[in-house]
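1. could you look at this predicted model? Sequence included:
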Amino acid sequence: MASAATEPVALVVTRWFDPDVFGDPDPATVRFAGRRTGVSGSPGTGDSFTQDERIEGIVPGCGPVAISAWAYGLKPGDWTVTANLVARRTAASSLEPHMRRSTEADPLPVASWSWLRWSLSVGAAAPVRTRWALLAPLARTPAVIPGVYTALAVIAIVVALATQAAVLAAEEVPVGPSLLASLLGLAAGLIGAKVWYWRLHPDESLIRGGWAVDGFLIVAPIAAVVAMLALDAPIGLALDAVAPGLFFAVAIGRIGCFVTGCCAGQITGSRWGVWSSDRRVGARRIPTQLLESAAGLLVGLAALGLVVGQAPALHGLVFLAGFAVYGAVRQALLRLRVERRRSSRTLPATAAAVVLVVLVIGAALLIQGG
């Protein structure tokens with residue numbers, strides 16, 4: 001077992017500033033400097049650190065910006081940490097003298113977050129204690145609650161399966177085979193979401209990396225349709241029954257994304273922006289997660305109304321229509337996120353995958369109908 005001196009620890013600190021005070025620092029660099037308390041004389045290895053954090057995309061009028069830093073390779077204990085907004089070298093000469101002194105000398109305040117007021121405030125300046133490095137990603141940062149996404153994802157799955165079962169029961173269709181096919185599609189879709197994310201982020205760990213909804217929405221239907229063929233479940237009717245719950249799950253899951261800081265929108269100065277975080281930089285952002293959640297809810301409600309009202313002349317059309325509408329909305333929202341997709345690579349692949357899904361479903365309907 002590692003001793004206290006060698007145990008891997010990390011330090012997590014968050015500071016904030018108002019860009020309007022210093023003009024338009026786009027991009028801005030915040031320099032964190034820390035020293036372990038109780039060290040006399042010159043600090044040794046692991047007793048101090050200096051770390052620069054660069055913030056891209058700051059726009060005029062965006063309001064307060066918070067920046068969180070994770071420092072590793074330190075000795076455990078209490079640390080005194082300061083942070084300063086560093087003027088860009090290319091722009092420093094153009095700043096007014098008093099502004100240049102402020103950005104280089106005045107330490108940034110500690111960021112304290114209030115969920116009730118949904119705003120930042122100045123926190124108490126005090127030494128920061130190191131924590132176990134493996135748990136550092138779970139540290140509290142403004143507007144982020146780690147773990148909520150997982151909890152809401154489980155709830156979303158339950159809601160989707162329960163909605164499907166209720167629709168099938170109302171149609172007096174055996175629930176068992178369709179639910180089994182949905183579970184198999186769910187498992188395959190999760191694998192597809194993980195692989196799709198890794199394809200977009202090849203430099204990240206496959207295990208620790210995130211999930212891509214595109215991968216799930218493409219792989220899950222194909223796997224489910226294949227399973228329905230094998231189980232002789234009514235494919236068109238089952239897919240229409242899946243549609244409302246699937247998009248309700250999207251609506252629930254995207255709220256989890258918003259609260260945990262993934263899939264964040266770009267920083268904006270618009271009054272329609274919502275202060276949120278991408279887990280590292282907190283600022284007023286385009287609420288892409290909430291917009292996608294609203295789209296999922298509306299598509300789910302429309303699908304439910306059509307299925308309950310027995311509007312489609314051909315079973316399977318509700319699912320395909322909902323799939324197409326949501327896909328179009330999602331592709332539009334991707335352009336508003338911080339992490340812009342490389343459209344030259346991802347859009348053709350996504351379009352081809354969507355066509356493949358439609359062809360597979362159409363072929364399966366023809367096979368079962370024949």
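-> Everything's here; your move.

2. just how off-centre is stretch 328-338 within its chain?
-> 13 Å (CA atoms, centre = their mean, to the nearest Å).

3. next: stretch 112-124.
-> Distance, centroid of stretch 112-124 to centroid of chain: 22 Å (CA atoms, centre = their mean).

4. how long is it end to end?
-> End-to-end distance for stretch 112-124: 8 Å, by CA to CA, to the nearest Å.

5. check contacts around the residue in the chain sticking out farthest from the centre.
-> Ranked by distance from the centre of the chain (CA atoms, centre = their mean), the top residue is Gly41, with 44.1 Å. Listed by CB atoms under 8 Å, 6 or more residues apart in numbering, Gly41 has no contact partners. All C-beta atoms are positioned from the backbone trio N, CA, C, and that covers glycine.

6. ok, Ala125 next?
-> Counting by CB under 8 Å, 6+ apart, Ala125 touches Pro109, Val110.

7. cool, Ala251 as well?
-> Ser293, Ala294, Gly296, Leu297, Gly300.

8. PyMOL command to pick out the buried ones of the residues you listed?
-> Buried subset of the contacts of Ala251, written as a PyMOL selection, criterion 16 or more other CB atoms under 10 Å:
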select buried, resi 293+296+297+300
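
9. re earlier: phi, psi of the residue farthest from the centre of the chain?
-> phi 80, psi -160 (degrees, to the nearest 10).

10. okay if I get the contacts of Ala251 as TSV plus secondary structure?
-> Below are the contacts of Ala251 laid out as TSV (DSSP: H, G, I helix; E, B strand; the rest coil):
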residue	secondary structure
Ser293	helix
Ala294	helix
Gly296	helix
Leu297	helix
Gly300	helix
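
11. how does this protein divide up, domain by domain?
-> Domain segmentation of the chain under automatic domain parsing yields 9-138, 148-369.

12. what comes up buried for the helix or strand that Leu320 is a member of?
-> Here Leu320 sits within helix 317-334, counting by DSSP states H and E. The neighbour-count check on helix 317-334 (16+ other CB under 10 Å) flags 317-323, 325-327, 329-331, 333-334 as buried.

13. returning to that earlier point: between the contacts of Ala251, which sits nearest Val225?
-> Gly300 (20.1 Å; CB to CB).

14. from what I can see the closest one touches Ile252, true?
-> No. Taking CB atoms under 8 Å as the definition, Gly300 is not a contact partner of Ile252, at 9.9 Å.

15. and the helices in the chain?
-> Along the chain, the stretches classed as helices by DSSP state H are 89-92, 97-105, 148-170, 175-200, 213-231, 235-260, 288-308, 317-334, 343-369.

16. which secondary structure elements does the fourth one sit against?
-> The contact analysis (3 or more CB pairs under 8 Å, 6 or more residues apart in numbering; DSSP states H and E) places helix 175-200 against helix 148-170, helix 213-231, helix 235-260.

17. just those: most buried one?
-> Across these, averaging neighbours per residue (mean count of other CB atoms under 10 Å) puts helix 235-260 on top, at a mean of 25.

18. next, the angle from it to helix 213-231.
-> Orientation check (axes from the mean of the first three to the mean of the last three CA atoms, to 10 degrees): helix 235-260 against helix 213-231 gives 150 degrees.

19. now find how far off-centre helix 235-260 is within its chain.
-> 16 Å.

20. who's in contact with Ala33?
-> With CB under 8 Å, 6+ apart, Ala33 has these contacts: Ser48, Phe49, Thr50, Gln51, Val81, Thr82, Ala83, Asn84.

21. got the helices of the chain as JSON lines, with distance to Phe17 and mean pLDDT columns?
-> As requested, the helices of the chain are exported to JSON lines (distance: least, CB to CB, whole Å; pLDDT from 0 to 100):
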{"stretch": "helix 89-92", "distance to Phe17": "16", "mean pLDDT": "43"}
{"stretch": "helix 97-105", "distance to Phe17": "9", "mean pLDDT": "45"}
{"stretch": "helix 148-170", "distance to Phe17": "27", "mean pLDDT": "92"}
{"stretch": "helix 175-200", "distance to Phe17": "31", "mean pLDDT": "88"}
{"stretch": "helix 213-231", "distance to Phe17": "34", "mean pLDDT": "87"}
{"stretch": "helix 235-260", "distance to Phe17": "24", "mean pLDDT": "93"}
{"stretch": "helix 288-308", "distance to Phe17": "24", "mean pLDDT": "95"}
{"stretch": "helix 317-334", "distance to Phe17": "29", "mean pLDDT": "89"}
{"stretch": "helix 343-369", "distance to Phe17": "33", "mean pLDDT": "69"}
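
22. among those helices, which comes closest to Pro76?
-> Comparing the helices of the chain under CB to CB, the one sitting nearest is helix 235-260, at 27.2 Å.

23. quick one, phi psi at the residue nearest in space to the middle of the chain?
-> By CA atoms, centre = their mean, the chain has its centre lying nearest to Cys262, at 1.7 Å. Main-chain torsions, Cys262, degrees, to the nearest 10: phi -100, psi 160.
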